[in-house]
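> sequence unknown, structure follows:
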């Protein structure tokens, strides 16, 4: 086995520092403003078009920065200053309302012992989830507590009550302290039954539903179908603090595929012949990480994958007359640990999306072996060129593909700096094409957690 020698170490070190800096920069919390088109409705009822900054909305906004006509200085509006606003590309509508808000803690270790929730009157921006003969609104408090409100011509706006508290009992005292038991006040079921009384058959679903967005959506879809309310609109997009994909700072998953790489030594001043190592299809596999670049509704992201890439290649020799000869007895066998860094450009966000990616790669050879039983004539002419293969490989990548929330499929083309240390007189290079697929494991973990939570809740109800 030849010694693995890096070449132009200073240049490679600079490039590694640049790639590392790019990774840190793109994964740092982004505080940049992010304006998208929309409008505000003034208290007088007038509508003004412009752009709205919605950067890092982890909870419901207390205020918005608005640029009339998308230019000039931003104006800050609170829920006392305007009646409503909308973000066009995200299809989010918020209305300003004065409500009685439940501020009771919902975490078990902070629950109150009073039977009635603690409330305050407050002016808020509420996201519109349902518009019809019964309106449904949503609000997420900075404490992460989620609130739902209903309203129609008969019912003034009111919060749907889901209140948990601790009941103290002197029976079965534990070390002299009252026994504590968890009580769930689910008045929201009765509130929904009354508000949706035009369709009594949804009562069966209300009795079984959880206090979750998905169940509220199913409920109102059933209700609208029942009463023939075709004009009603349930928001198809939740705010980004509600969307699992958008609120996560980092997605992760598995990636794998087939890659075919050729190693080429073109004609140079050292030789008028050409050497080509033709690679077989090699299986590449590993992990990937992906971070959204913005919250503006598109799916553009910074994508990194860390993979094991084998490369097995046999020699083809093309002489100055263009005659090609196969030398199966000479082969290169490498195993790389490879890191690919790509900017994935996806201008829109739909269930299935096309995208393009561009970026670079860094690979370190973990294993490098070669069969040196060359034909004597070939060894005399080319053997010295193949000695001292480098341990470090750098390259450029371009890709096209399609992706959904659960997986992606893409075709990549890559060019790297070659395999020989004799770069001054030998312009060696590698080129490869591959077909890759990835699955977002980060999409499954929240669903598994939610299924487990629902099962526990149903068991508690039976007990």
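That came through, no problem. The model shown is predicted, which means the values in this text are computed figures rather than measured ones. Residues are numbered from 1 along each chain as shown.
> ok, which stretches of the stretch 1-150 of the chain are strands?
Counting by DSSP state E, counting those that start in this stretch, the stretch 1-150 of the chain has these strands, from start to end: 35-42, 47-53, 63-68, 75-78, 82-87, 92-102, 119-131, 135-140, 146-151.
> likewise for the stretch 251-400 of the chain?
Listed in chain order, the strands found in the stretch 251-400 of the chain under DSSP E, counting those that start in this stretch are 251-265, 274-279, 282-292, 301-318, 324-345, 353-370, 392-403.
> and residue 91, which of those strands is closest to it?
Closest of those to residue 91 is strand 353-370, at 16.9 Å (criterion: C-beta to C-beta). Bear in mind the C-beta positions are built from the backbone N, C-alpha and C, glycine included.
> in the closest one, which residues are buried?
Neighbour-count burial for strand 353-370 flags 353, 355, 357, 359-363, 365, 368, 370 (criterion: 16 or more other C-beta atoms under 10 Å).
> cool, and stretch 90-104?
Going by neighbour count (16+ other C-beta under 10 Å), the buried part of stretch 90-104 is 90, 92-97, 99, 101-102, 104.
> next, format these as CSV and append distance to residue 334 and pLDDT.
Below are the buried residues of stretch 90-104 laid out as CSV (distance: C-beta to C-beta, whole Å; pLDDT from 0 to 100):
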residue, distance to residue 334, pLDDT
90, 47, 78
92, 51, 87
93, 56, 92
94, 56, 95
95, 61, 95
96, 63, 96
97, 64, 96
99, 65, 96
101, 63, 96
102, 62, 95
104, 62, 92
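> apart from its chain neighbours, what residue comes closest to residue 305?
Spatial nearest neighbour of residue 305, excluding adjacent residues (C-beta to C-beta, 6 or more residues apart in numbering): residue 288 at 3.8 Å.
> returning to what we had before: would you turn the strands of the stretch 1-150 of the chain into TSV with distance to residue 212?
Below are these laid out as TSV (distance: least, C-beta to C-beta, whole Å):
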stretch	distance to residue 212
strand 35-42	28
strand 47-53	28
strand 63-68	27
strand 75-78	29
strand 82-87	23
strand 92-102	17
strand 119-131	12
strand 135-140	11
strand 146-151	9
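> for those strands, which one sits closest to residue 112?
For residue 112, the closest of those is strand 92-102, at 11.1 Å, according to C-beta to C-beta.
> what pairs with that closest one, parallel or antiparallel?
If you go by DSSP bridges, strand 92-102 pairs up with strand 82-87 (antiparallel), strand 119-131 (antiparallel).
> the residue nearest to residue 305 and residue 411, how far apart?
Applying C-beta to C-beta, to the nearest Å, the value for residue 288 to residue 411 is 16 Å.
> higher neighbour count, those two?
Of the pair residue 288 and residue 411, residue 288 is the one with more neighbours under other C-beta atoms under 10 Å, namely 22 against 13.
> touching, residue 358 and residue 340? I think so.
No: between residue 358 and residue 340 there is no contact, the gap being 11.1 Å when judged by C-beta atoms under 8 Å.
> quickly list what's touching both of the two.
Shared contacts of residue 358 and residue 340, defined by C-beta atoms under 8 Å, 6 or more residues apart in numbering, comprise residue 397.
> pick the most deeply packed of the strands paired with strand 92-102.
Looking across the strands paired with strand 92-102 with neighbours counted as mean count of other C-beta atoms under 10 Å, the highest average goes to strand 82-87: a mean of 20.
> what pLDDT, on average, does that strand get?
Mean pLDDT, strand 82-87: 94.
> stretch 409-429 too?
On average, stretch 409-429 scores 68.
> okay, now that stretch: how far is its last residue from its first?
One end of stretch 409-429 to the other measures 27 Å (C-alpha to C-alpha, to the nearest Å).
> phi, psi of residue 218?
The phi/psi pair for residue 218 (degrees, to the nearest 10) reads phi -60, psi -40.
> residues near the residue nearest to it when sequence neighbours are not counted, how many?
Excluding the flanking residues, the one nearest residue 218 by C-beta to C-beta, 6+ apart is residue 205, at 7.0 Å. Residues within reach of residue 205, counting by other C-beta under 10 Å, total 15.
> that's all I had, so thanks and see you.
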